[in-house]
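K.L.:
the amino acid sequence is not available; the structure is as follows:
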């Protein structure tokens, strides 16, 4: 069958559909468990999570499903902190804070690598079946520790070179993230601009250069996208935006609404929210901060500085100041329960296979 | 059969494979005729051609094939000329001219719309079967004149909105150009950045919003890309880069060589050569001119200013000063005779259909 391959076998799931491990509260335990129960792989986006929060969510997921699921982690980045840079950014952000009635400048927590180590410990202690990584490659020791427990490890690449490095470092599978993708660019080698490669070009070139299975991401929103990705040589797809608007998603309502009503030409890649390039819907925040983009503090510092703005804006239902992450295919988004979405996707693929067989060979 | 659809019927060709009408001497009459003789649609890139040159090439094509072929034209753009802007650009270009031993500053011809009208006259007089357009939409009168002669008209779009406008203005089919594509961006509404949409996202969204057949372009280089585009809902593909390296292509050898040896992360969209954004392989010219990019004269003036540099660099085999247009899939390029390339592509698609049938349904 179309879904019987090395990814579904390796992950012990039915359909080669992975729900992306989006950070920021989108991937509720309900969403993750629903996707897994429907035959895909749900993924908890634990990138920014505290150890306590992450452990609690994993335990909730286990209560809701007996099927395999994944947890996505961010490889830590520890940039130099410049007080001057932070002061300047705060100055630029101040008018937005005032608009939202936010009283104070935020405390900047110094990023550390210890959070990541604690997260890895929890993955192992909780015996999470699948662990995926974004923004780099974990150390050999970490990979070994996970693989000794038979935890499947999945990396993220935005170029052929990055995919090869993922394979060389022991990843069992690799997600290739095309330029269409919503949210943060996973690029970890060279500039992100060099790695803005469309899914149509990135998938076949990568498939030709690695032996581990390739999972396609970026612009995939329906059965056509899933089957096209598999024709290009991918063995599964990872979908983010399609699940943001699902019923079980924890995305704020203004975020869901913005995706459901936007079009492909409203999207932009911006570093203004977090200090790292990410694709979202153009709004007042992005436009206002664009001119400062190259002087903002690096990720994750800028992310901390804008955190209160983003969450307060969501509370006040003011999408113009929120990070509205979204891929380039918003016209195909639907507000469905995640289980129905998966069933729909599978039915679409099977219908396409059936109609293709007739059209292609008669 | 997989190739029997509204595009192949409308164009009276066997396979839904269109060789893009690339300008600048790449689409020799031999290339165009070879593609058409092999069952695809060859296209003469007549964008910059004088009426005499264009007519001569069309007559040569007719001597070489009795099959349908196309001619691609550029909708004229008449920007304001600023002597100061031109003088500044010439100043920045002067060191490159010196490096190449070029003695003088070029004359700038004032762009006119009359060339386009003469080109249309020739299309009609020579009874060219297919006429495609880039950079905009021809006038209603022009469309009517062509359609009265049963000349098939094909437009170019880089967003859903542009595709809809193409349909509303009488185009019989529309090429949607994904962000992966090599050469000039066809964007004619809004900024080009807004319309850098990956093929994987652009095709299905467009197919859902127009009734004319959609031809996918951008990152398609082999049978996987062709079949994937058709799964997404396209009824044909247009391929550029794949034909640049073909035996019959008139591309300069350093250009062919650069494509055959480059990778997906070396490509960049630049306005430095022509004043209009286009995708090519990063080289010294692009890097050197990048800082002036926003102050350069608009298309087609900058194109005239750099013309001598580009052709002299080709003569001296110095790719660092040439425009090395190329899509995001260069690792799949091959130096084949164009007829063999088409036969290969068809065989790949048919092999994929055969193996998919087994894999998807057993």
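P.N.:
Received it, and whenever you're ready, just let me know what you need. What you see is a predicted model, and the numbers here were worked out from it, not measured in a lab.
K.L.:
show me where chain A has helices.
P.N.:
All helices of chain A, identified by DSSP state H, fall at A:6-11, A:29-37, A:51-64, A:83-99, A:114-125, A:140-148, A:160-168, A:199-207, A:223-231, A:241-244, A:253-260, A:284-289, A:301-315, A:338-361.
K.L.:
Throw those helices into JSON lines and include mean neighbour count and distance to residue A:326, thanks.
P.N.:
For every residue, glycine as well, the C-beta is placed using N, CA and C. Formatted as JSON lines, these follow (neighbours: other C-beta atoms under 10 Å in any protein chain shown; distance: least, C-beta to C-beta, whole Å):
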{"stretch": "helix A:6-11", "mean neighbour count": "20", "distance to residue A:326": "25"}
{"stretch": "helix A:29-37", "mean neighbour count": "25", "distance to residue A:326": "17"}
{"stretch": "helix A:51-64", "mean neighbour count": "16", "distance to residue A:326": "24"}
{"stretch": "helix A:83-99", "mean neighbour count": "15", "distance to residue A:326": "21"}
{"stretch": "helix A:114-125", "mean neighbour count": "17", "distance to residue A:326": "26"}
{"stretch": "helix A:140-148", "mean neighbour count": "15", "distance to residue A:326": "31"}
{"stretch": "helix A:160-168", "mean neighbour count": "20", "distance to residue A:326": "23"}
{"stretch": "helix A:199-207", "mean neighbour count": "30", "distance to residue A:326": "16"}
{"stretch": "helix A:223-231", "mean neighbour count": "27", "distance to residue A:326": "15"}
{"stretch": "helix A:241-244", "mean neighbour count": "28", "distance to residue A:326": "5"}
{"stretch": "helix A:253-260", "mean neighbour count": "19", "distance to residue A:326": "5"}
{"stretch": "helix A:284-289", "mean neighbour count": "18", "distance to residue A:326": "12"}
{"stretch": "helix A:301-315", "mean neighbour count": "20", "distance to residue A:326": "15"}
{"stretch": "helix A:338-361", "mean neighbour count": "17", "distance to residue A:326": "16"}
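K.L.:
make TSV from those and add distance to chain B and mean pLDDT to it.
P.N.:
Converted to TSV, the helices of chain A look like this (distance: least, C-beta to the nearest C-beta, whole Å; pLDDT from 0 to 100):
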stretch	distance to chain B	mean pLDDT
helix A:6-11	12	98
helix A:29-37	21	98
helix A:51-64	30	98
helix A:83-99	22	94
helix A:114-125	27	97
helix A:140-148	25	98
helix A:160-168	6	98
helix A:199-207	4	98
helix A:223-231	4	98
helix A:241-244	10	98
helix A:253-260	13	98
helix A:284-289	12	98
helix A:301-315	22	95
helix A:338-361	4	92
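K.L.:
out of the ones you listed, which gets nearest to residue B:18?
P.N.:
helix A:199-207 (16.3 Å; C-beta to C-beta).
K.L.:
mind checking how far the closest one is from the chain centre?
P.N.:
Mean-position distance between helix A:199-207 and its chain equals 19 Å (C-alpha atoms, centre = their mean, to the nearest Å).
K.L.:
which other helices and strands does that helix contact?
P.N.:
In this structure, helix A:199-207 makes packing contacts with helix A:160-168, strand A:173-177, strand A:214-217, helix B:199-207, helix B:223-231, judged by 3 or more C-beta pairs under 8 Å, 6 or more residues apart in numbering or on different chains; DSSP states H and E.
K.L.:
ok, residues contacting the third one?
P.N.:
Residues external to strand A:214-217 that are found in contact with it (C-beta atoms under 8 Å, 6 or more residues apart in numbering or on different chains): A:7, A:16, A:18, A:20, A:154, A:163, A:173-178, A:181, A:199, A:203, A:206-207, A:229, A:232-240.
K.L.:
phi and psi next, for whichever residue of the stretch 1-150 of chain A sits closest to chain B.
P.N.:
Nearest residue of the stretch 1-150 of chain A to chain B, counting by C-beta to the nearest C-beta: residue A:2, 3.9 Å away. Note on residue A:2: its backbone torsions stand at phi -60, psi -20 [degrees, to the nearest 10].
K.L.:
residues near it, how many?
P.N.:
Number of residues near residue A:2 (other C-beta atoms under 10 Å in any protein chain shown) recorded here: 19.
K.L.:
do the same with residue A:208
P.N.:
Neighbour number of residue A:208 under other C-beta under 10 Å is 14.
K.L.:
next one: it from chain B, what distance?
P.N.:
From residue A:208 across to chain B, the span is 7 Å (C-beta to the nearest C-beta, to the nearest Å).
K.L.:
and the closest residue to that residue other than its chain neighbours, how far from residue B:262?
P.N.:
Leaving out its chain neighbours, the residue that sits closest to residue A:208 by C-beta to C-beta, 6 or more residues apart in numbering or on different chains is residue B:331, at 6.9 Å. Computed with C-beta to C-beta, to the nearest Å, the distance linking residue B:331 and residue B:262 is 8 Å.
K.L.:
before we move on, the earlier item: pretty sure the residue nearest to residue A:208 sits against residue B:263.
P.N.:
Yes - using C-beta atoms under 8 Å, residue B:331 is in contact with residue B:263, at 6.0 Å.
K.L.:
mind listing the shared neighbours of those two?
P.N.:
A:160, A:205.
K.L.:
what sits against residue A:73?
P.N.:
A:46-47, A:116, A:119-120, A:123, A:131-134.
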